[in-house]
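S.K.: Here is a sequence with its predicted model. Questions after.
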Amino acid sequence: MTDQTATPRAFPASAPLKGRIAIPGDKSISHRSLMLSALAVGESRVTGLLEGHDVLATAAAMRAMGAAIERRDDGEWRIHGVGVGGLLQPREALDMGNSGTSTRLLMGLVASHPITATFVGDASLSGRPMGRVIDPLAQMGADISASPGGRLPLMVRGLAPAIPLAYRLPMASAQVKSAVLLAGLNTPGITEVIEPVPTRDHSERMLRGFGADLTVEVGGDGTRHIRIRGEAELKPQTIAVPGDPSSAAFFIVAALIVPGSDVTIANVGLNPTRAGLVDVLKQMGGDIELLNAREVGGEAVADLRVRHSNLKGIEVDPAVAPSMIDEFPILFVAAALAEGRTVTRGLDELRVKESDRLSVMATGLQAIGARVQESEDGLVIDGTGGDPLPGGATIAGHLDHRICMSFAVAGLVSKAPVTIDDIAPVATSFPNFETLLTGLQQ
Ligand SMILES: O=C(O)C1=C[C@@H](OP(=O)(O)O)[C@@H](O)[C@H](O)C1
Ligand SMILES: C=C(OP(=O)(O)O)C(=O)O
């Protein structure tokens, strides 16, 4: 069946990319800025907020639960919080759109408030597993009824006071960690998350920044014990959201693989729990220079100057996966242009993102002439050594923004244009992606 509302877009071979761009705000930090501000007592101010559909879904949900949230004409967001424990029962189902982060973190918040909320989402989100948050939140006392397989639509009936929990994460997931910590905010006593494999730590940093009593103890084997004391009072903050490294990734790789390119990407967040891609691309021979390294709002930030490079295939250490979990689709494109073989493993989590990113990337790359083999938990890619890919196929984006943008970049180095069947999903995380790309092609 053809989707009448889809907007296909063709990406042809590109001239060298040249110039300087600033990418939009970090999606993870933007979600958390809205949620924590909405729970603080008083007015928080946020600049650089990502205004993508996923973050706007979080804003709408926090409004529906009582927070006053407005965007000023100068782009600053002002949020009046309701206080921890003060969330109101939403009158209608919370529409999470395409956003896993909104869904899982907000389920955590609702779980320890005396309210009931229904969560709905699009076809992609409705296929993603929510059992991973249902399990710990049910142990804390929330009553959750989900669709078969622990999917959306689902309903969370919170319990207040909830029961504190010590929870060992069964998979490397910042969303599950954050759901439990956010539930812990309004739970008496100490809620603990035990994290054997470190994942992005924005929740920990920001909860502390808002004044929550949160400690992190690292065991001898690297396991992190994160403890939050509940019934916290959060103080309003002024937040400058750094640029999203996961969005920068598309322009980093584009500049590395389009011959003659020289691009500077300003204000990129480089929190070590997010910066894996830059290290891996450097290992592959990528010319990426960090300029003006600084700290913004407790997060490492730098400008990145990226020049076209002859990339070499490598074996990617599975241990770096959590620090670049959303960047594998675009890394696979870089690998398809590198000289020699790139091997990736330990990427089972990619199968439960907006699409099955291992299978969708393997199929799409094969369709445009790349040599790719899919294994259970990774891809093996034999690159062209810098020669253009044949291209010329239409790629199914499966409502997955990162798939759409990865193949858009692949089109820039293909003989025949690469067409994305529907470009609309890009707006979930990177609304001005095409505008920035066109600007670098002038
Ligand atoms: O906590 C977050 O903001 C996110 C965590 C990651 O998901 P998982 O926790 O499912 O790995 C990541 O893929 C997502 O884009 C954002
Ligand atoms: C996995 C992602 O997001 P989410 O889980 O919030 O849908 C992503 O942005 O790549």
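M.R.: Done, it's in. Residues are numbered from 1 along each chain as shown. Ligands and ions are numbered 1, 2, ... in the order given.

S.K.: domain ranges for this protein?
M.R.: Per automatic domain parsing, the structural domains of the chain span 9-25+242-440, 27-232.

S.K.: Between the two ends of the first one, how far is it?
M.R.: Between the opening and closing residues of domain 9-25+242-440 lies a distance of 18 Å (C-alpha to C-alpha, to the nearest Å).

S.K.: sorry, back to before: can I get the domains of the chain in JSON lines with mean pLDDT and mean neighbour count?
M.R.: C-beta: built from backbone N, CA, C; applies to glycine. Listed next are the domains of the chain as JSON lines, based on pLDDT from 0 to 100; neighbours: other C-beta atoms under 10 Å:
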{"stretch": "domain 9-25+242-440", "mean pLDDT": "98", "mean neighbour count": "21"}
{"stretch": "domain 27-232", "mean pLDDT": "98", "mean neighbour count": "20"}
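
S.K.: The residue of the chain at minimum distance from ligand 2: what's it in contact with?
M.R.: Nearest residue of the chain to ligand 2, counting by C-beta to the nearest ligand atom: residue 100, 2.7 Å away. Counting by C-beta atoms under 8 Å, 6 or more residues apart in numbering, residue 100 touches 125, 128, 175, 353-354.

S.K.: Just name the closest of those residues to ligand 1, please.
M.R.: The closest of the contacts of residue 100, once distances to ligand 1 are taken by C-beta to the nearest ligand atom, is residue 175, at 3.4 Å.

S.K.: Does that closest one touch residue 102 like I think?
M.R.: No - Residue 175 is not in contact with residue 102 according to C-beta atoms under 8 Å; the separation is 9.7 Å.

S.K.: wait, what's in contact with the nearest residue to residue 311 once chain neighbours are set aside?
M.R.: Excluding the flanking residues, the one nearest residue 311 by C-beta to C-beta, 6 or more residues apart in numbering is residue 338, at 3.8 Å. Neighbour list for residue 338: 284, 311-313, 381, 383, 385 [criterion: C-beta under 8 Å, 6+ apart].

S.K.: Next, format the residues you listed as a markdown table and append secondary structure and distance to ligand 1.
M.R.: As requested, the contacts of residue 338 are exported to a markdown table (DSSP: H, G, I helix; E, B strand; the rest coil; distance: C-beta to the nearest ligand atom, whole Å):
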| residue | secondary structure | distance to ligand 1 |
| --- | --- | --- |
| 284 | coil | 22 |
| 311 | coil | 24 |
| 312 | strand | 27 |
| 313 | coil | 25 |
| 381 | strand | 21 |
| 383 | coil | 25 |
| 385 | coil | 31 |
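
S.K.: need the contact list for residue 391.
M.R.: Taking C-beta under 8 Å, 6+ apart, one finds 13, 368-369, 410-411, 414-418 in contact with residue 391.

S.K.: quick one: which of these sit in strands?
M.R.: Among the contacts of residue 391, the members found in strands (DSSP state E) are 414-416, 418.

S.K.: so which pair among those residues is furthest apart in space?
M.R.: 415 and 418 (10.1 Å; C-beta to C-beta).

S.K.: Residue 302 is in what secondary structure piece?
M.R.: strand 299-307 (DSSP states H and E).

S.K.: nope, residue 117 is what I was after
M.R.: strand 116-120.

S.K.: Show me what that strand is packed against.
M.R.: The contact analysis (3 or more C-beta pairs under 8 Å, 6 or more residues apart in numbering; DSSP states H and E) places strand 116-120 against strand 94-95, helix 100-111, strand 151-157.

S.K.: Could you confirm whether that strand reaches ligand 2?
M.R.: No - against ligand 2, strand 116-120 shows no contacts by C-beta under 6 Å from any ligand atom, the least distance being 13.0 Å.
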